[in-house]
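Colleague: sequence? don't have it. structure:
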């Protein structure tokens, strides 16, 4: 496990050039630690709309976990709580649908209701507390009072936070975070394994993560799963 460190300040949003299937980044990450809440201080005007932008951290591109992945559902929920995880998942899906360079406009009241929360314009609402919780663990950060940067990939749960998880998850998390890459498989074998994972009904991100637990390096698991997914889509399209 890598030692914990604080990720760098998010860079300005840029258009992604990794649209090809083989460049999908599905698994891995660096450790993070809680930080001070970063929700802007209250102003005289209620906050009704935010611009959300993807926070692309280069250190997580090969090893980060998608918010919709089984890893996040299994381990980060115990740390963040379900509302924060669902918020990150919602934005991950919305970010996927943005045009290059486009900002996501969040109507806070509508977004809160989509998550089963309430927002009455103040920072003490349950929805703003959800954003605040993401900021505490450095998974979101305000660039200014109206622009929220949100990570597209989450790091592995750092060891210092293991005590927040029940014992059975503490025993399991190390196996899911394995990234030693010691497995000796050919490219063809890794692609076959990825195809089998998808055929068994595992999702895109979960399939890649399961390959990592078998000992594949994250970049090899990403490539194999992206290839298998593209082949599956081609067969369905044909």
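Modeller: Yep, it's here. All of these numbers come straight from a predicted model, not from anything done at the bench.

Colleague: going forward, measure contacts between C-alpha atoms and count neighbours the same way
Modeller: Will do.

Colleague: which one's the longest helix in the protein?
Modeller: What stands out as the longest helix in the chain, according to DSSP state H, is helix 218-237.

Colleague: What residues sit buried inside it?
Modeller: 218, 219, 220, 221, 222, 223, 224, 225, 226, 227, 228, 229 (16 or more other CA atoms under 10 Å).

Colleague: Next: stretch 140-152.
Modeller: In stretch 140-152, counting by 16+ other CA under 10 Å, buried: 140, 141, 142, 143, 147, 148, 149, 150, 151, 152.

Colleague: tell me the mean pLDDT over it?
Modeller: For stretch 140-152, the mean pLDDT works out to 91.

Colleague: What lies in contact with that stretch?
Modeller: By CA atoms under 8 Å, 6 or more residues apart in numbering, the surrounding residues in contact with stretch 140-152 are 10, 38-40, 49-57, 66-67, 88, 91-92, 131, 134-135, 139.

Colleague: Just checking: what are the partner strands of the longest strand along the chain?
Modeller: Ordering each strand of the chain by length in residues (DSSP state E) puts strand 49-55 first. Within its sheet, strand 49-55 is paired with strand 104-107 (antiparallel), strand 147-151 (parallel), according to DSSP bridges.

Colleague: As TSV, those strands with distance to residue 212 would be great.
Modeller: Listed next are these as TSV, based on distance: least, CA to CA, whole Å:
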stretch	distance to residue 212
strand 104-107	32
strand 147-151	22
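
Colleague: how about the helices in this protein?
Modeller: 70-71, 77-80, 82-96, 108-114, 126-136, 167-176, 187-199, 204-213, 218-237.

Colleague: and those, which is most packed in?
Modeller: Comparing those by mean neighbour count (mean count of other CA atoms under 10 Å), helix 204-213 ranks first with a mean of 25.

Colleague: Quick check: mean pLDDT of that helix?
Modeller: Per-residue pLDDT over helix 204-213 has a mean of 82.

Colleague: likewise stretch 230-238?
Modeller: On average, stretch 230-238 scores 78.
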